[in-house]
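In: after the sequence you'll find the predicted model.
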Amino acid sequence: MGDSREQDSAAAAARNSAELTRRGFLSHGVVALAGTSAVAAALAPLADLNRDDIPTIAEFLQKHYKEMTAEDKQRVFARIAKAVESRYQVKTKLADPPPLDGVEFVYGLNLSRCIGCRKCVHACVEENNQSRAPEIQYIRVLEMQKGSIDVETSDHHYDPPLVPDSAKYYMPVQCHQCADPPCVKVCPVEATWQEPDGITVIDYDWCIGCRYCEAACPYWARRFNFAEPQIAPDQINPDIAYLSNRPRAKGVMEKCTYCLHRTRVGRMPACLEVCPTGSRKFGNVLDPESEVAYILRHKRVYVFKEDVGTIPRFFYYFDERGSRYSEPIAPADTGGSG
């Protein structure tokens, strides 16, 4: 009798266990199917991507620039150079000039001499392989009313037949390479950082396009690639550097790097070389004999938005005797975005 009851109890337990197991299976199966549907929905946009937009395994597993060994860099640089050559049909060499010991770069701009011609804007676009359509510009030239320092009333879309306008003065704004850069602090993946020579750089392959840095910058210096950058093969500058002017992709930030691919090898920034009035000055502030060090000692200088505490390495000043350049010229055509 007792054995019979025990057998009945065991059979009932087995049935319950089987039902629970089936219930559990069905329940987990529904969740699994729901999860699969969600994943499928999330991956659906990938069907619209071009093959070139999908990262390779090598790109996906690429280390952060600071973590790469010399061998890692050699492989990555060769892959990038090959991709640039394939896309633009130009022979290129990707360099990686390091910061120089005992160097801290600063930039000075003489507002008495700037005539608002925007030649610096155009030269920067060409040198740094910035997109032409839509055109991206690192330098924004503000047309200011004489006697006013209110940038909120300035105009960077000015388009007169000749510049300068005698009632205006012109204030170019670009990355100020701050000593305390807020853009670096907000990056969630450490894709941007400050180098020992004061230049703030971006590892484009690590940028996730969140645009936090753009929001944090008080100087409007960061640019985001909303669309695939368009550059004609005959417009590509083949002298490129990993942390500087190599062609970028859709969905990443970019900015001025003081043309580090030039300045770290003894050349001047492209914007300075093209300036027709000599309003731009650049050099090593740690060298007491440099022109920028002299200007800082002997001129009345100021920095833009000093109150935000970023400590810019870009400063402005005026000639006490005024500008020697009064002949108006036609402004450069920079695509209309100023």
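Out: Thanks, I have the structure now.
In: shaky segments in the chain?
Out: 1-55, 321-330, 333-338 (pLDDT under 70).
In: just the helices in it please.
Out: 2-43, 57-60, 70-88, 119-127, 182-186, 212-216, 260-263, 270-274, 291-298 (DSSP state H).
In: counting contacts, what elements does the last one pack onto?
Out: In terms of contact count using 3 or more CB pairs under 8 Å, 6 or more residues apart in numbering; DSSP states H and E, helix 291-298 is assigned the packing partners strand 105-110, strand 280-284. Every C-beta, even on glycine, is put in place using the N, C-alpha and C of the backbone.
In: which of these sits closest to Q62?
Out: strand 105-110 (27.9 Å; CB to CB).
In: can you give the contact residues for that closest one?
Out: Residues from elsewhere that reach strand 105-110, judged by CB atoms under 8 Å, 6 or more residues apart in numbering: 171-172, 177, 197-199, 258, 263, 269, 278-285, 292, 295-296, 301, 313-319.
In: hang on, the earlier thing: go through the helices and strands packed on helix 291-298 and pick out the most buried.
Out: strand 105-110 (a mean of 23; mean count of other CB atoms under 10 Å).
In: and it, which strands flank it?
Out: strand 280-284 (antiparallel), strand 314-317 (parallel) (DSSP bridges).
In: quick revisit: need the helices and strands packed on helix 291-298 in JSON lines with distance to T153, can you?
Out: Compiled in JSON lines, the helices and strands packed on helix 291-298 are given as follows (distance: least, CB to CB, whole Å):
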{"stretch": "strand 105-110", "distance to T153": "20"}
{"stretch": "strand 280-284", "distance to T153": "25"}
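In: among these, which is nearest P164?
Out: strand 105-110 (13.4 Å).
In: tell me the bridge partners for the most centrally placed residue in the chain.
Out: Closest residue to the average C-alpha location of the chain: E254 at 1.6 Å, with CA atoms, centre = their mean. With DSSP bridges applied, E254 shows beta-bridge pairing to R223.
In: so it is in contact with D203, correct?
Out: No. With contact defined as CB atoms under 8 Å, E254 does not reach D203; the gap is 11.3 Å.
In: pull out the buried members of the contacts of strand 105-110.
Out: When those are checked for burial by 16 or more other CB atoms under 10 Å, the buried set is 171-172, 177, 197-199, 258, 263, 269, 279-285, 292, 295, 313-318.
In: walk me through the domains of this structure.
Out: 2-47, 105-317 (automatic domain parsing).
In: could I get the ones you listed in CSV, plus columns for distance to M68?
Out: Converted to CSV, these look like this (distance: least, CB to CB, whole Å):
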stretch, distance to M68
domain 2-47, 28
domain 105-317, 10
